[in-house]
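In: Have a look; sequence and predicted model below, questions after that.
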Amino acid sequence: MKRLSLRTKSIYGLLIVSAILIGFSAFQFYSAKTLQLKQGAHIVLLGNNLGSRMMNYDHFETEMHLRYPDSQLFIRNMCDGGDTPGFRPHASRFSPWAFPGAEKFQTELATPSESEGHFESPDQWLTRLKPDVIIAFFGYNESFQGPAGLANYKAELDAFARHTLNQKYNGTAAPQLALVSPIAFEDLSALYDLPNGKKENVNLALYAKAMKEVADKNNLLFVDAFTPSQKWYQESQEPLTIDGFQLNNEGYKRLGVLLADQVFGKVPAKAEANRKLVYDAVIEKDWMWHNDFKIPNGVHVYGRRYNPFGPDNYPAEIEKIRQMTANRDTAVWLAASKGQKMDLEAADARTRPLPEVKTNFNPQKNGSLTYLYGQDALSKLKVPEGYKIELFASEQEFPNLAKPMQMSFDNKGRLWVACMPSYPHYKPGDPKPDDKIIILEDTNNDGKADKETVFADKLHLPLGFEIAPEGVYVSQGTNLKLFVDTNGDDRADKSEILLSGFDDHDTHHNSHAFTTDPSGAIYSGEGVFLHTNVETPYGPVRATNGGFYRYAPQLKKLERTAQLAIPNPWGIAFDDWGQPFFAETSSPDFRWMLPGSVLPRYGESTHKSKQLIEDAHRVRPTSGVEFVSSRHFPDEIQGDYMINNTIGFLGTKMHTLEDEGTGYKSRHRMDLIVSDDRNFRPVDMEFAPDGSLYVIDWHNILIGHMQHNARDPLRDHMHGRVYRITYPSRPLVQPAKVAGASIDELLDNLKLPEYRTRYRTRRELRGRDANEVLAKLNTWVAKLDKNDPRYEHHLLEGLWVSWGLNKVDQNLLRQLLKAKDYRARAAAVQVVRYTGHQVPDQANLLMQAARDDNSRVRLMAIVAASWIGPEKGLPILAEAAKKPLDDWMVHAHEAAVVHLKGEPVKKEKEIATTSNLKGEELALHTLGKQLFAKEGYCITCHQPDGKGLAASGFPPLSGTKWVLGDEERLIKIVLKGLMGPIEVNGKTYPGQVPMTPYGGLMNDREVAAVLTYVRNAFGNQAPAVYPEKVKKVRATVESKKDFYTPEQLLKEHPMEKDVSSR
């Protein structure tokens, strides 16, 4: 019956689209014109997500091999989410343009995005792949520009066609080119809260028609996928897409046949009996090809982390991957032509061996390689008086607990852990990755895990996951996937790729650290260097460098909720009132996310507002944030936040958080965990249902990405621990019943003090019948004690429940917009921001909030206004500007205004650095300042002010003889790196994590420039360093393969008693 209703709702949309297509003769299902196919033909697919997603459901290539089983077809898929004819960005390529002149068709996308590396251009890839036939999928992303963008799209597509036809990629002739239209948008609005496709299909039809016109103009084959797909939707009893525009497996079966028919003509499948065998072989080949064209962690293979260690192994790995992919071509041909399965293991064993990678870690000089276990490991962890830390689980009892990355308690009180021993990424020749999400249980309540269940395996780097009523959302490379246990055995037996196009170019920067806001929308962080392009039912979401995503499962809607100049924000937490905070990770800062969450622009970073941690306790890199919310812990620390750290200071710091004006202030409270075990790497934490705190330990000797080869043999793939912290003098919390509780019980849970109990309760309620919950919610709200100090917070919890059910309670919303507590009003405005599809007077409510007496409420209105379009948003921003804008608000307001106008924020004029240098020395100083500030270079550890981070073990550059003294000694440090204890300005730094050797990252002039800068910045004054000097020193140390130690350097260059100033 549901499908019948979907058909009925689609009729109106069909009528509109049909009107557009009158006289459009191309929209006949089959064209008389087809392309020629020769023996051994090379076929390459280009374009957007319609083609890219095909690698996971590759019925087209399967169909081709079944129809032409003896032709030994060579098929490669170069499609990627968000690609247009001319715009195809890549994080390891300086230029995003697919062909000369493509930049003139873009505006905002032409903003330089700081991509960098030697990844080949599209033409270079095509020249190597030698296509005889190119099939191009475009038009979906562009269609969201509507009629206004149509002419520009036609011009861009025409330029692509003309450029392609002028190439001889195969060495002899221009490729045969076919243009494939977008499919139609399927109306699933009766099943999900999604667009019904009417508006989308009007635009898609226009863009498909434009593609036909470009094809005719250039005498190309045009494939109409739009009209047939509409017919499929009408005929099918089940949906053929997952969200209106992304085909499911059954949909790709139909598209595969359509493409084969339309491009090469209707031909029977001669090898039909081998379909399953061929399909499996094709999927296996596509997996290996993906590890070439979209290689995870490509920043080490092609990008800015390639040097200094990448040349040692990655060229060989790429060669081996390509040999293994060729083996899989042979396996496909064998399956198609003879119905036989190839012994790939034997074939792969004959591919090239990989070079041995030797460690540059010297245990005699840099510490012990010994791993501690059990009580020996526990004894190295110190907690303050009154606290107790215990080992809950380790890899000794549970070998699958290897390299734990994220944790979460489910509604039954069980601990889920994502483990990724395949980190940093798959190595060709190894078995396929088998990372896991496991469930640990303490069945006898003795504080130690005694049962393990593997929920999901065969994963590759699950950097983030979130449990939900409908399944478990997991970050998987370029994909966001949903894993579902359909039979209740706690093992995933079904998975679906929900979104694709997330960049895993740097695997520890990829979408990670999942958590949810009060509605159940999933927040995740993403680090610098990445270029994500995700196609969604609402249009493409494009992101550059650091920031955050918000995915609302109820709407299947993704947004780039904040794009900030942050290296790698590994840690997101919401406070008691739903305000988001994050840890910057690679830098030592902790910030409130809201001011930076205005509508972003491609290639630009929004102002990230103030950092909150006091200087003496800024440490890096951090990982994992949690607010204290447990009656088991002392009263005075409730509301504090905790941050883990994994280099230098190894442990967990606790800081206060207090309201101050619009924003907040903070001070260090105490160090909750301090470790003397150099391998202790705490990466995540969460309060359990009983109020105790759990912390997971990545546990690794090596840490850092620029200091050691990604394949260094000492990178651990086996260890991992879970610790539990209690406060024994206070009773544990009686765990609230969540799973299996009645709706009345669940609503009463919302009054409990523990944030995590309410978090899990809201999650449970999102899985219950919405109408039943909302009916009982009204009764529960009516019975609340208005004299309860937490009354308005209880009301807010009720509002959040309705928001999570995607049926926001309008009365409760309006009541809270007038609450006495400004924190409740601000939280209600946040709900207004995301419920414009249900709240008809959204703009009016935001206008009222913009006039609020409280500045935090007004800031919330400013941010919200930036997301609702210029017609509605700009008047709200104008109203907000009538009241004072403090430091928390002014940058958000400025960005909101100009972004709604389609303009960038005007960059502040950089204050020139005062220097006595002149001429070439000044030029070196200027260049050095730029290089010093480059992410991953000097600034990361030594900080913008050159003072370093004493609490994290990173020494200062100001006023030290190491910088101001012997030039040759300083040059050697930069070229070869430094590791081991060092005394700087009277303080000893452990130096366990080495300084990166920059000899392979910078040329002689660049090294000279950086050293000239640091010797004449931060109050320093010393002679410039010249490239000629660097060149001379480089030649003398060329054969040195390991780090320098301070002892070695001081033996060669004794420390001066004094250094003369300039």
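Out: Nice, thanks for sending it over.

In: Between the two ends of stretch 208-228, how far is it?
Out: 12 Å (CA to CA, to the nearest Å).

In: Give me the contacts around the longest helix along the chain.
Out: The longest helix of the chain (DSSP state H) is helix 314-338. With CB atoms under 8 Å, 6 or more residues apart in numbering as the test, helix 314-338 has contacts from 61, 65-66, 69-70, 72, 74, 271, 274, 277-278, 280-282, 284-285, 288-289, 291-292, 295, 300-301, 306, 340-342, 344, 347-348, 351-352, 354-355, 427-429. No exception for glycine: its C-beta is placed from N, CA and C like everyone else's.

In: Which of the residues you listed fall in helices?
Out: Counting by DSSP H, the contacts of helix 314-338 contribute 61, 65-66, 277-278, 280-282, 284-285, 288-289, 291-292, 300-301, 344, 347-348 to helices.

In: now stretch 478-494, how far from the centre of its chain.
Out: Stretch 478-494 has its C-alpha centroid displaced from the chain centroid by 21 Å (CA atoms, centre = their mean, to the nearest Å).

In: what does stretch 44-56 give?
Out: 21 Å.

In: what comes up buried for it?
Out: Using 16 or more other CB atoms under 10 Å as the test for burial, stretch 44-56 gives Val44, Leu45, Leu46, Gly47, Asn48, Asn49, Leu50, Gly51, Ser52, Arg53, Met54, Met55.

In: Tell me which of these fall in helices.
Out: Short answer: the buried residues of stretch 44-56 in helices (DSSP H) are Asn49, Leu50, Gly51, Ser52.

In: Next one: the last one from Met78, what distance?
Out: With the distance defined as CB to CB, to the nearest Å, Ser52 ends up 9 Å from Met78.

In: who are the neighbours in contact with the spatially most central residue of the chain?
Out: Of all residues in the chain, the one closest to the mean position by CA atoms, centre = their mean is Ser511, 2.1 Å from it. Residues near Ser511 by CB under 8 Å, 6+ apart: Leu463, Gly464, Ser475, Leu480, Phe502, Ser524, Gly525, Glu526, Thr532, Tyr549.

In: how much space between the second one and His512?
Out: Taking CB to CB as the measure, Gly464 and His512 are separated by 4 Å.

In: Now for the two: what residues contact both?
Out: Common neighbours of Gly464 and His512 (CB under 8 Å, 6+ apart) are Gln406, Ser475, Ser524.

In: In a strand, the first one, correct?
Out: Yes. Under DSSP: H, G, I helix; E, B strand; the rest coil, Gln406 sits within a strand.

In: Report the beta-bridge partners for it.
Out: Ala418 (DSSP bridges).

In: ok, now the last one?
Out: With DSSP bridges as the criterion, Ser524 is bridged to Tyr549.

In: distance of it from Phe582?
Out: Applying CB to CB to Ser524 and Phe582 gives a distance of 11 Å.

In: intersection of neighbour lists for the two?
Out: Phe548, Ile572.

In: which non-adjacent residue is nearest Thr544?
Out: Using CB to CB, 6 or more residues apart in numbering and skipping residues adjacent in sequence, the residue nearest Thr544 is Ser113, 4.3 Å away.

In: Make sure the one you found is actually in contact with Gly546.
Out: No. Contact status for Ser113 versus Gly546: not in contact, 12.0 Å apart, counting by CB atoms under 8 Å.

In: With neighbour numbers in mind, choose between those two.
Out: More neighbours surround Gly546 than the other of Ser113 and Gly546, with 26 against 19 (other CB atoms under 10 Å).

In: Surely that one and Arg560 touch.
Out: No. Using CB under 8 Å, Gly546 makes no contact with Arg560, being 11.0 Å away.

In: just the helices in the stretch 151-300 of the chain please.
Out: In the stretch 151-300 of the chain, the helices defined using DSSP state H, counting those that start in this stretch lie at 198-217, 226-235, 249-264, 275-293, 298-301.

In: check contacts around Lys427.
Out: Counted by CB under 8 Å, 6+ apart, Lys427 has contacts Glu317, Leu354, Arg711.

In: how about the nearest residue to the second one, chain neighbours excluded?
Out: Nearest residue to Leu354 in three dimensions, chain neighbours excluded: Ala316, at 5.3 Å (CB to CB, 6+ apart).

In: What about the one you found, how many residues nearby?
Out: Ala316, neighbours per other CB under 10 Å, totals 15.

In: So for it, what pLDDT did the model give?
Out: We have a pLDDT of 98 for Ala316.

In: what do you get for Asp457?
Out: On the pLDDT scale, Asp457 gets 98.

In: If I follow the layout properly, it ends up in contact with Lys436?
Out: Yes. Counting by CB under 8 Å, Lys436 is a contact partner of Asp457 at 4.8 Å.

In: Compare neighbour counts for the two and give me the winner.
Out: Taking other CB under 10 Å, Asp457 and Lys436 do not tie; Lys436 has more neighbours (21 against 15).

In: Look at that one and tell me its secondary structure.
Out: Quick answer, by three-state DSSP: Lys436 is strand.

In: distance between the ends of stretch 215-233?
Out: Terminal residues of stretch 215-233 lie 26 Å apart, using CA to CA.

In: pLDDT on it, on average?
Out: pLDDT averaged over stretch 215-233 gives 98.

In: Tell me how the chain divides into domains.
Out: If you go by automatic domain parsing, the domain ranges for the chain are 2-270, 275-356, 386-586+621-726, 784-900, 919-1052.

In: now the end-to-end length of the longest one.
Out: The reference is to domain 386-586+621-726. The first residue of domain 386-586+621-726 is 9 Å away from its last residue (CA to CA).

In: Give the bridge partners for Met654, please.
Out: Beta-bridge partners, per DSSP bridges, of Met654: Met642, Met670.

In: That one reaches Asp640, doesn't it?
Out: Yes. Counting by CB under 8 Å, Met654 does reach Asp640; the two are 5.2 Å apart.
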